[in-house]
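**Q** Please work out how this folds:
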Amino acid sequence: MRIIDVNQWNRKEHFEFFSTFDEPFFGVTSEIDCTKAFNFCKQNGISFFAWYLHKSLKAANTSANFKMRIVDGKPVVYDFVHASATIGREDGTFGFSYVEYHALFEHFLKNLNAEIEAVQKNPGLRLSTDPSQLNVIHYSSLPWTHITSVSHARNYKVSDSAPKIVFGKAHQVKHNMVMSVSVHGHHGLMDGLHVSQHFELFQQYMND
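**A** Residues are numbered from 1 along each chain as shown. Predicted coordinates:
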C-alpha cells in the first residue's frame, strides 16, 4: 500500500471536493458482449460466473484508480485488489466471500471454490471486520434478470471507498450473448473516464 501525496496529485481538488459529499459514489451501467466467453465456458465445463469474475478483477487490477481507497481520510493505492463477492445458497440466502486475486485463472478458481464451499457450509452473512480487506471490490450477481441500473444499500456512518460491481443476466440478443454490468465508484478517486476504461478492458479480457 502506498499513500498518495495529495498536494502533488492532479486529483487533489476532485478528492477534497467529493470526499465531503454524503453520497460520493456514482454509477454507470453498460453492456458487455460475452458471446465468446460464454461459449468457451459452456464448451469446456467452466463456471461462467468464475470466468467473468476473474476477468473483471483482472481489469480492475490494471487500473490504479480501481486500486485506490481512502484510509484514515487519506488516499492510498494498493498493489492488488481482491474480490468480496456475494455467494448464493440453495435456501435463497447469501454470504460474503473474500477471494484472493491471482493472474492465473486456475489459481483464482481454487480460491473461489474454497470460498463458495465455506459459504455453503456456514449460515449467515460471514461478516468480517478485518481492516486488511479494504483492498477489495464488492461484487454481486443478478443472473436472473437483465439490469439497466443499480443502487446499493449504504451505511453512511462507516467510511467506504471500495468500488461496487454488479453483473446482470447473460441473455441472447440476435446472435450474440450480452450481459449488463453496473460499476459504482467513489468520485473522489475515479471519474466516468476510468469506469469507461474499465468496461473496455473487461470487454477485451472477455474476448481473449
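
**Q** Please report the number of neighbouring residues for L104.
**A** Residues near L104, counting by other CB atoms under 10 Å, number 9. Where C-beta positions appear, they are placed from N, C-alpha and C, glycine not excepted.

**Q** Need the pLDDT of it.
**A** Per-residue confidence at L104 stands at 98 (pLDDT).

**Q** now swap in the one 3 residues further on and tell me
**A** In the prediction, the pLDDT value recorded for H107 is 98.

**Q** Please apply the same query to T129.
**A** 51.

**Q** Ok, K157 next?
**A** 88.

**Q** doesn't M179 fall inside a strand?
**A** Yes: per DSSP: H, G, I helix; E, B strand; the rest coil, M179 lies within a strand segment.

**Q** how about the helices of the chain, start to end?
**A** Using DSSP state H, the helices assigned to the chain run over residues 12-18, 35-44, 48-60, 105-121, 192-207.

**Q** ranking those helices by burial, who's on top?
**A** helix 48-60 (a mean of 22; mean count of other CB atoms under 10 Å).

**Q** As TSV, the helices of the chain with distance to H82 would be great.
**A** Shown next, in TSV, are the helices of the chain (distance: least, CB to CB, whole Å):
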stretch	distance to H82
helix 12-18	23
helix 35-44	21
helix 48-60	7
helix 105-121	9
helix 192-207	16
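
**Q** Quick one, which of the ones you listed gets closest to N155.
**A** Across the helices of the chain, N155 has its closest neighbour in helix 12-18 (18.3 Å, CB to CB).

**Q** State the mean pLDDT of that closest one.
**A** Mean per-residue pLDDT for helix 12-18: 98.

**Q** To what extent is N155 buried, counted in neighbours?
**A** N155: 7 surrounding residues under other CB under 10 Å.

**Q** Check the spacing between it and H175 real quick.
**A** Distance of N155 to H175, given as CB to CB, to the nearest Å: 44 Å.

**Q** do Y98 as well
**A** 38 Å.

**Q** ok, those two, which is more surrounded?
**A** Y98 (17 against 6).

**Q** Let me know whether that one touches I87 as I believe.
**A** No: counting by CB atoms under 8 Å, Y98 stays clear of I87, with 10.7 Å between them.

**Q** tell me, what's touching those two both at once?
**A** Residues within reach of Y98 and of I87 at once, by CB atoms under 8 Å, 6 or more residues apart in numbering, are E115.
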